[in-house]
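Novice: no FASTA, just this:
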């Protein structure tokens, strides 16, 4: 299992836990201060993910989903839907975290590819074939 699969599984388990917690703690009527704080915190997570992902293709889809969930959370706050606002805020945070993870993974993959290409170039320049070891 690679890091992305592990992150996705972790996110899914967090969503399940969140769903149970939100159902158990749902308040009737209005939006609690805690929910407003969670929505604000999700906004911070999405902005930080925007800075990390930047123009990278890796994580861009997840970042857009995070923005969509954040927008839905704000809409739910306006509609006094506490439970829905909490759920959307949490999903926004999770998608922002996944966007950052994918972006960082993509950057690491590109760096590794560049390093391997440099090593191969050095081998060729040294007159070695791929997989050959230099004489001792």
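Specialist: Sure thing, it's come through. All values derive from a computational prediction rather than experimental measurement.
Novice: what secondary structure does the spatially most central residue of the chain sit in?
Specialist: Nearest to the geometric centre of the chain sits residue 98, at 1.6 Å (C-alpha atoms, centre = their mean). What DSSP: H, G, I helix; E, B strand; the rest coil gives for residue 98 is helix.
Novice: likewise residue 101?
Specialist: Here residue 101 is recorded as helix under three-state DSSP.
Novice: residue 58 is in contact with that one, correct?
Specialist: No - Residue 101 lies out of contact with residue 58 (C-beta atoms under 8 Å); the separation is 9.3 Å. Bear in mind the C-beta positions are built from the backbone N, C-alpha and C, glycine included.
Novice: ok so, going back, quick one: the residue nearest to the centre of the chain from residue 9, how far?
Specialist: Residue 98 sits 11 Å away from residue 9, going by C-beta to C-beta, to the nearest Å.
Novice: before we move on, what about residue 39?
Specialist: According to C-beta to C-beta, residue 39 and residue 9 sit 26 Å apart.
Novice: what do you get for residue 104?
Specialist: Here the criterion is C-beta to C-beta. By it, residue 104 lies 18 Å from residue 9.
Novice: out of these two, which sits in the more crowded spot?
Specialist: residue 104 (16 against 11; other C-beta atoms under 10 Å).
Novice: so what's the residue count around residue 13?
Specialist: Residue 13: 10 surrounding residues under other C-beta under 10 Å.
Novice: cool, thanks, talk later.
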